[in-house]
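*Asks:* Any chance you can model this:
(chains A and B)
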Amino acid sequence: MHYDLDFEQELAADAEKIRELQQECHDEATQQRLDRAISALHARTKEIYAHLTSWQTVQVARHKDRPTTIDYLQAICDDFMELHGDRAFADDHAIVGGLGTLADNTVMFIGQQKGHDMQELRYRNFGMPHPEGYRKAYRLMSMAEKFHLPVICLIDTPGAFPGLEDEEHGQSGAIAANLLLMSRLRVPIISVVIGEGGSGGALALSVADRLLMLENSVYTVAAPEAAASILWRDKAFASEAANTMRISARELLATGIIDELVPEPVGGAHHSPHLAAGYLKEKLLAHLDELERCTIDELIERRYQKYRSIGAFTRVAVATTS
Amino acid sequence: MVPTITTVAGSGEIASVEMERAQIIIPSNIAVKCPQCKEIMYERDHQRNLKVCPHCGYHFKLSAYERIEMLVDAGSFVEVDHDIASADPLQFVSQSQIYAEKLAKEQQKVQLNEGVVIGHAAIDTFPLALAVMDFRFIGGSMGAAVGEKITRAIELGIEMHIPVFISSASGGARMQEGLFSLMQMAKTSAALAKLGEARLPFFSLLTDPTTGGVTASFAMLGDVILAEPGALVCFAGPRVIEQFMHIQLPKDAVTAEFAYQHGLIDAVVSRHELRQTLARLLCMSVQAEPWQQTYGAAQQ
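*Replies:* This is a model prediction of the structure:
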């Protein structure tokens, strides 16, 4: 296990000691010391990860080794066929979508895709979709509705790409169209934030019956750096912004916007992608099972009420003249 | 009830709003300078010309009540839910502001409880539900209260079975309310989906500026989308685009005209033609009803 985040320094030191122990000769005593050291590291990691600040959560959510949409699909689907293109202009590599077999269900999967190395990140535009990506998602969701397939979206994006060409091709309209479509789509929808839920670019895939988040993921209205530069007048206050705006999965669960957390292996999904995928698959199947018990009309009305009830307000006395 | 708009000598801006008969009292010794062509005009003439520069056509920003007064039949506007305000869900405090204090200050300054006014009215006797945003209130940013009011305006349309008109003016989502703000994009879009199922039209007007989460939700979901000339209309905002792309944007990039040229909106409509344009749309919508009853019934 590699520990490379700044708050993991003590864990990195302990891991290094363990590696040294492993290279010494293996007598009974050394083996016992090794086992104790590994247990202690595991316990310490668990403790640290149970108390992450929002900013620390951001770092885990953005970790270069964190499993991506494709990683999860390969692990949880017995078969996955990727489908491409928006049938109008292009195929956006920042969004991956297609038909997958999840246990004995055929599901339409859609997600933003980052990458693990610079080559892949560039190919995927760092998981920042263009309008054609959202239009691909639109067409795949329409197809799912046509064939009564549930839709599962995996959310992991810094946000929709803010280029000039994106404005020309209607980035805002593409996002809005997805919000409209998803709100009335006549199939069950589950959306899971697996990494970064970057604002509108993430929301365009997350109007759902169940909104889940992996426990070390984040969902933001604006990236902490952007919020810091606007509300703290300095990008350097990103960690303050993250902690003030309650963007971590745990904090969002407390607000009621998120329905459930998906547990991660100790030390974060990137420490054990296979285990992480197992936890995700389990939660997805459980929710799918529950959702398939409702009639479609019930489902859609509950979905409407879910979003309808987000955002408390207050009433004040009528503004008096000054 | 239609508000009284009273300007006070020397201020050149709206100083108070009283819920009484429509009446405008303007001292004629106030002058206004056009930020675009730098020409000067009298405030009185400025008001009469719908706050559009007669020399270069620059469309000045309007307050919500000014916009409503210019568009609807006199005395027809009934405001609802004026008292809805933000509940400060994150109890937000940053280095430079305490959100609760900012809200109170803004409410006092602008004499609105939030950045949008909603209700119903008539244009050429055709009824409509409407929501008109006001950029003066924290940059027209959309938080839970704005989202709630816009959703209510749409639901009012569904309930009264009348078209909905929304005039947008926004710098984007209200960051001080975190994810609650973002979710208003989904909430308002979902309400519009219901309006669509009821076969009622939504006419969207984009005014300067219409950006961010508002553009990427209800503003761009109009059955017919109109925009005022020269309005900034975009998702990301010119500065963000420039920083990301390392380019200098041309002067008229991401305007209403740009959106029109790229096929994203139905028309750029000058303020003088706006009322008439909406009246025509409402008339055609009403004329369609007998057909809708015939075919709508058949489809069921």
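*Asks:* For the helix or strand where A:I230 lies, C-alpha coordinates in CSV please.
*Replies:* In the assignment (DSSP states H and E), A:I230 maps to helix A:224-231. Only the C-alpha atoms of helix A:224-231 are listed here, as CSV (Å, rounded to 0.1, in the frame of the first residue of the first chain):
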residue,chain,number,x,y,z
PRO,A,224,-13.1,24.6,-3.8
GLU,A,225,-10.5,26.6,-5.7
ALA,A,226,-13.2,28.5,-7.7
ALA,A,227,-15.3,29.1,-4.6
ALA,A,228,-12.2,30.3,-2.7
SER,A,229,-11.2,32.7,-5.4
ILE,A,230,-14.7,34.2,-5.5
LEU,A,231,-15.8,34.1,-1.8
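*Asks:* Following element in sequence after that helix, please.
*Replies:* Helices and strands here follow DSSP H and E; after helix A:224-231, the next one along the chain is helix A:238-244.
*Asks:* list the helices and strands that next one packs on?
*Replies:* helix A:54-61, helix A:224-231 (3 or more CB pairs under 8 Å, 6 or more residues apart in numbering or on different chains; DSSP states H and E). Yep, even glycine has a C-beta here, placed from its N, CA and C like the rest.
*Asks:* Tell me where the stretch 201-300 of chain B has strands.
*Replies:* Secondary structure of the stretch 201-300 of chain B by DSSP state E, counting those that start in this stretch: the strands cover B:202-210, B:224-227, B:267-268.
*Asks:* So which of these is the most surrounded?
*Replies:* Stretch with highest mean neighbour count among the strands of the stretch 201-300 of chain B: strand B:202-210 (a mean of 25; mean count of other CB atoms under 10 Å in any protein chain shown).
*Asks:* What's the mean pLDDT across that strand?
*Replies:* Strand B:202-210 carries an average pLDDT of 98.
*Asks:* Can you name the residues that contact the residue of the stretch 1-150 of chain B found nearest chain A?
*Replies:* Going by CB to the nearest CB, chain A is nearest to B:A144 of the stretch 1-150 of chain B, at 2.9 Å. By CB atoms under 8 Å, 6 or more residues apart in numbering or on different chains, the residues touching B:A144 are A:I310, A:G311, A:A312, A:F313, B:S86, B:A87, B:P89, B:E177, B:F180, B:S181, B:Q184.
*Asks:* counting contacts, what elements does the helix or strand containing the last one pack onto?
*Replies:* Taking DSSP H and E as the definition, one finds B:Q184 inside helix B:178-197. Packed against helix B:178-197, as judged by 3+ CB pairs under 8 Å, 6+ apart, are the following elements: helix A:171-184, helix A:199-203, strand A:218-220, helix A:249-255, helix A:296-308, helix B:144-160, strand B:202-210, helix B:212-215.
*Asks:* for the ones you listed, which one sits closest to A:P158?
*Replies:* Nearest of the helices and strands packed on helix B:178-197 to A:P158, taken as CB to CB: helix A:199-203 at 7.7 Å.
*Asks:* Can you list the helices and strands that that closest one packs against?
*Replies:* By 3+ CB pairs under 8 Å, 6+ apart, helix A:199-203 packs against strand A:151-157, helix A:171-184, strand A:189-198, helix B:178-197, helix B:212-215.
*Asks:* give me that answer again for 6 Å
*Replies:* For helix A:199-203, the packing partners by 3 or more CB pairs under 6 Å, 6 or more residues apart in numbering or on different chains; DSSP states H and E come out as strand A:151-157.
*Asks:* Can you give the contact residues for the strand it packs on?
*Replies:* Identification of contacts with strand A:151-157 by CB atoms under 6 Å, 6 or more residues apart in numbering or on different chains yields A:69, A:107-112, A:114, A:127, A:141, A:144, A:187, A:189-198, A:201-202, A:205-206.
*Asks:* switch to 7 Å and redo it
*Replies:* With CB atoms under 7 Å, 6 or more residues apart in numbering or on different chains as the contact definition, strand A:151-157 has outside contacts at A:68-69, A:72, A:107-112, A:114, A:127-129, A:141, A:144, A:185, A:187, A:189-198, A:201-202, A:205-206, A:208, A:284.
*Asks:* what about A:E10, neighbour count?
*Replies:* By other CB atoms under 10 Å in any protein chain shown, 13 other residues sit near A:E10.
*Asks:* Quick one, grab the pLDDT at it.
*Replies:* Reading off the confidence values, A:E10 has pLDDT 93.
*Asks:* Over to B:T4?
*Replies:* Reported pLDDT for B:T4: 42.
*Asks:* For residue 45, grab the count of nearby residues.
*Replies:* Using chain A. Residues within reach of A:T45, counting by other CB under 10 Å, total 22.
*Asks:* Chain B, not that one
*Replies:* Applying other CB under 10 Å, we find 12 residues neighbouring B:D45.
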